[in-house]
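In: heads up, no residue letters with this:
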């Protein structure tokens with residue numbers, strides 16, 4: 001195995017790393033490739049796409065050497081006429097893939113109906129119709145009536161022009177294999193949420209993405225009562241119109257099940273009391289509540305909760321949080337598993353940064369995001385020299401300093417010969433001296 005392949009295999013799976021891997025496979029013989037298969041299979045089906053340079057050849061029936069490793073065929077941003085799509089839908093090569101992507105292809109309801117008539121989708125497990133499409137309620141309803149739709153494991157309908165009618169049709173299908181559903185940025189409203197809550201037999205669903213679906217408290221309460229809702233492990237629910245009652249309904253559902261690990265609730269006016277409700281979900285590993293009207297008082301209360309022991313990442317940016325809240329979080333003994341804390345775009349300023357820099361927490365976080373631009377020279381200089389703040393934030397603070405600021409920092413830490421160093425060398429020498 002080449003060093004390049006070894007490096008790529010250490011990356012988190014992504015479409016980009018997959019495409020780069022396929023370019024390196026010619027360096028392997030058949031035995032090496034077969035040995036590598038288990039590691040390649042770590043990439044989810046949706047990411048194992050046919051690279052662009054081989055895409056049209058595969059459609060034309062030409063056999064690419066590594067085609068058997070690919071599970072997805074993605075028609076990204078291709079503007080096909082109805083006639084072209086009909087021709088493509090009848091292409092037997094579609095049967096060789098279990099994931100199809102049509103993101104940003106401007107598909108309309110008629111296009112979705114054409115796709116529904118394809119005779120080569122019996123093995124389909126994943127379908128991506130998200131972004132830049134307008135299939136509408138009629139288009140999705142046509143797809144739900146196909147014999148293969150119920151077997152889907154991954155369905156992405158992000159910004160596809162669907163509404164309550166489409167979700168009613170979707171909920172009527174007993175999709176007992178569906179694991180991942182994305183309905184973000186559609187005009188779902190409360191009616192669509194209530195329709196989706198009626199779905200039965202969705203026993204495998206563990207991830208729901210529902211950003212910006214204009215869901216109210218009433219719709220959220222209905223969703224939270226769905227028979228499948230409590231089994232979710234990941235919920236993305238930012239940019240909706242929920243307030244405290246909706247947040248309380250979510251908290252109640254997930255506190256009973258204790259399966260939810262990832263909760264994204266940015267830009268919802270849930271208020272401070274909701275923080276106390278949501279952090280009682282002890283199973284949470286990730287919680288994001290950016291721009292949710294949370295202030296110091298509620299953060300201080302939350303930092304005392306016994307339910308925070310499993311939380312690894314907490315994002316509270318764009319809230320009116322000052323030094324009292326930040327200090328409570330950094331010094332909390334309840335956040336024993338916390339690795340990453342974001343307080344970006346909060347109310348922290350230069351004087352607050354100096355206070356934070358002087359703290360002596362029992363352990364230092366791996367990642368910490370502070371409002372660097374608002375902390376000014378003096379605040380950032382203190383952060384750079386602090387052993388209480390994570391190395392990544394110290395690096396960001398260091399990079400924010402100008403030449404004169406860097407020289408002042410160098411003088412403060414007793415660095416010799418700093419006046420002769422250029423900005424890049426000076427920054428590197430400060431980092432080396434401080435050991436981060």
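Out: That came through fine. The shown structure was predicted, so the numbers you read here are calculated from the model rather than taken from an experiment.
In: all strands in the stretch 51-200 of the chain, in order from the N-terminus.
Out: Secondary structure of the stretch 51-200 of the chain by DSSP state E, counting those that start in this stretch: the strands cover 72-74, 99-101, 126-128, 154-156, 180-182.
In: what's the distance between residue 177 and residue 341?
Out: Taking C-beta to C-beta, to the nearest Å as the measure, residue 177 falls 37 Å from residue 341. (C-beta placed from N, C-alpha, C; glycine too.)
In: between those two, who's got more neighbours?
Out: Taking neighbours as other C-beta atoms under 10 Å, residue 177 and residue 341 compare with residue 341 leading, 24 against 16.
In: What residues sit buried inside stretch 329-339?
Out: 329, 330, 332, 334, 335, 338, 339 (16 or more other C-beta atoms under 10 Å).
In: right, and the fourth one touches residue 310 too?
Out: No: if you go by C-beta atoms under 8 Å, residue 334 and residue 310 don't touch, sitting 10.7 Å apart.
In: shared neighbours of these two, anything?
Out: Common contact partners of residue 334 and residue 310 (C-beta atoms under 8 Å, 6 or more residues apart in numbering): none.
In: List the contacts of stretch 330-338.
Out: Here stretch 330-338 makes contact (C-beta under 8 Å, 6+ apart) with 303-306, 308-314, 329, 341, 356, 359, 361-362, 365, 368, 388.
In: For ChimeraX, write the selection for the buried entries among those.
Out: In ChimeraX, selecting the buried portion of the contacts of stretch 330-338, with burial taken from 16+ other C-beta under 10 Å, looks like this:
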select :303,305,308,310,311,313,314,329,341,356,361,365,368,388
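In: Tell me which of the contacts of stretch 330-338 fall in helices.
Out: If you go by DSSP state H, these have 329, 356 in helices.
In: Keep only those of the contacts of stretch 330-338 that are in strands.
Out: 313, 314, 341, 368 (DSSP state E).
In: related to what we said a few turns ago, out of the buried residues of stretch 329-339, the closest to residue 277 would be?
Out: residue 334 (16.3 Å; C-beta to C-beta).
In: Give me the distance between that closest one and residue 221.
Out: 29 Å.
In: Per-residue pLDDT of the nearest residue to residue 436 once chain neighbours are set aside, please?
Out: Once flanking residues are discounted, residue 436 sits nearest to residue 391: 4.0 Å by C-beta to C-beta, 6 or more residues apart in numbering. pLDDT, residue 391: 96.
In: do the same with residue 36
Out: On the pLDDT scale, residue 36 gets 89.
In: Does it touch residue 6 like I think?
Out: No: judged on C-beta under 8 Å, residue 36 makes no contact with residue 6 at a distance of 10.3 Å.
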